[in-house]
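generate a structure from the sequence data that follows.
(chains A, B, C and D)
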Number of protein chains: 2
Amino acid sequence: MNSKFKNIHQVISSYIEISDAEWSYYSSMLQLKVIKKKRIVLSEGNICREVFFINKGLLRIFFVDNNGEEKTFHFALENTFATDYKSFLKEVPSNYSIQAMEDTEVAVMSLEMVQIGYDKLKYGEKLGRLLAEDYFFMFNDKIQAMYTQTPLERYKNLTTSFPEIFQRVPQHLIASYLNISSVHLSRLKNSD
Amino acid sequence: MNSKFKNIHQVISSYIEISDAEWSYYSSMLQLKVIKKKRIVLSEGNICREVFFINKGLLRIFFVDNNGEEKTFHFALENTFATDYKSFLKEVPSNYSIQAMEDTEVAVMSLEMVQIGYDKLKYGEKLGRLLAEDYFFMFNDKIQAMYTQTPLERYKNLTTSFPEIFQRVPQHLIASYLNISSVHLSRLKNSD
DNA sequence: TTTTAGCGATAACAAATGTTATCACTTTAG
DNA sequence: CTAAAGTGATAACATTTGTTATCGCTAAAA
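Residues are numbered from 1 along each chain as shown, chains lettered A, B, ... in the order given. I've put the predicted structure just below:
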């Protein structure tokens, strides 16, 4: 069993039962890649052909608004998946770009591999369902936070739920993630 | 075949293959209900025990922010599902309330019924996956709209994508759905 | 090493949005 | 039918947030 895929094995095992035989069959389709810092692995307008599982490092998912400004949609951390799920599954052009914020080691899955998972793994469809549900819940919480919290509250929550982020990405990207200007974030930080 | 469940049958059939035998078995677990206008069918803090499929009418999903003000999260229309999916699946207290905006006819599914679907229907897990994916995509679009569009743009999009809404729900609820004050929405409307 | 580009704080000002109050009009409840 | 509650427009004002510009500092590139 390739130790490089230990993390993704653990995560998948937390969702479904998967036998060693199944895993050795399935994980043989995984590809390990290292993405250099600042490298863009998906550009807006292209079809997203890969799901990245992050072993180490940090990916940033962003899109460009009507004024041509980048908005950071999500920071994808270790042991989570990163992709444009819609573009990937439906094979339509993506609205998103994905960029490495650090040298990042990922396990890569293709669409073919995911579909083989649905068809051939005993609990493949269930895995797909549970993952979609979990990411759905995550988005749900994000929307609720956008509705109910002020930028200052969102900032404070971030400092408690993920303090390392401030060491790992520049502040103006955090501002864009919070959907406020960098000047405003600086003000909020230094005013209480 | 009960004609009251024709709509939900069509929607499910658009996701998966389901035989007549399977459907007559499965649909026998459905319950038809009529919800009177203004009636609240889920209150914040309670566990959501039902998924509603809307035959006719309109449900409003909302939560209460830190200042005690209602925020309208979603308007659920004919031929769509409405629930707090997280509360329902995980059996945890809900952050949401659900209220009928009109006399509303729904087909009701229990958690037990949904789980039987996963286990017993040939493509039950696949149905669950595809539904979770679709609602995930919907939330994804909603987040992107919140990041990239001004309130005026969101308002205009609503007028084109769902014009009837303005006849069916009061404007101040639309304002809360757009996440702006009712005064501000009134201004936007009457200023260009 | 020496530039150059990126980053974050700050000030001054502008624009967007919220708050409160009032009013006319409708719908609903008794 | 009548009173009460709900609804939407509007004005005046307050607050939040964005924009532009500047500056010093640091990190990256030549």
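
next, count neighbours for residue A:91.
Residue A:91: 11 surrounding residues under other CB atoms under 10 Å in any protein chain shown. Any C-beta I mention is one placed from the backbone N, CA and C, and that applies to glycine too.

ramachandran angles for it?
Torsion angles at residue A:91 (phi, psi; degrees, to the nearest 10) stand at phi 50, psi 50.

and it, how far from DNA strand D?
From residue A:91 across to DNA strand D, the span is 34 Å (CB to the nearest atom of the strand, to the nearest Å).

verify the stated contact: that residue with residue A:112.
No - Residue A:91 is beyond contact range of residue A:112, at 11.5 Å (criterion: CB atoms under 8 Å).

in terms of helices and strands, where is residue A:109?
strand A:104-110 (DSSP states H and E).

now do the helix or strand in which residue A:140 is found, average pLDDT.
Residue A:140 belongs to helix A:124-148 when assigned by DSSP H and E. Computed over helix A:124-148, the mean pLDDT rounds to 97.

center of chain A, which residue is that?
Computing the C-alpha centroid of chain A and ranking residues by CA atoms, centre = their mean puts residue A:82 first, at 3.0 Å.

contact partners for that residue?
Going by CB atoms under 8 Å, 6 or more residues apart in numbering or on different chains, residue A:82 touches A:51, A:52, A:53, A:54, A:59, A:61, A:74, A:76, A:98, A:106.

again, 10 Å this time
By CB atoms under 10 Å, 6 or more residues apart in numbering or on different chains, the contact list for residue A:82 reads A:41-42, A:48, A:50-54, A:58-61, A:74-76, A:96, A:98, A:104, A:106.

in strands only, show me the residues you listed.
A:41-42, A:50-54, A:59-61, A:74-76, A:98, A:104, A:106 (DSSP state E).

most widely separated two among those?
A:50 and A:75 (18.1 Å; CB to CB).

report all helices and strands that the host helix or strand of residue A:63 contacts.
Assigned by DSSP H and E, residue A:63 falls within strand A:59-64. Packing partners of strand A:59-64 (3 or more CB pairs under 10 Å, 6 or more residues apart in numbering or on different chains; DSSP states H and E): strand A:40-42, strand A:70-76, strand A:81-82, strand A:97-100, helix A:171-178, helix B:124-148.

mind doing that once more with 7 Å?
Using 3 or more CB pairs under 7 Å, 6 or more residues apart in numbering or on different chains; DSSP states H and E, the elements in contact with strand A:59-64 are strand A:70-76, strand A:97-100.

could you give the mean pLDDT of that strand?
95.

next, the angle strand A:70-76 makes with that strand.
Angle, strand A:59-64 to strand A:70-76, by axes from the mean of the first three to the mean of the last three CA atoms, to 10 degrees: 150 degrees.

can you list the neighbours in contact with strand A:59-64?
Residues outside strand A:59-64 that contact it (CB atoms under 7 Å, 6 or more residues apart in numbering or on different chains) are A:44, A:52, A:70-76, A:82, A:95-101, A:104, A:173, B:144, B:148.

gap between it and the chain center?
Computed by CA atoms, centre = their mean, to the nearest Å, the chain-centroid distance of strand A:59-64 equals 10 Å.

so what strands line up beside that strand?
strand A:70-76 (antiparallel), strand A:97-100 (antiparallel) (DSSP bridges).

how about the residues of chain A near chain B?
A:63, A:65-66, A:71, A:73, A:85-86, A:89, A:95, A:125-126, A:128-129, A:132-133, A:135-137, A:139-140, A:142-144, A:146-148, A:179 (CB under 7 Å from any CB of the partner chain).

for residue A:57, give me its contacts.
By CB under 7 Å, 6+ apart, the contact list for residue A:57 reads A:100, A:102, A:103, A:104, A:105.
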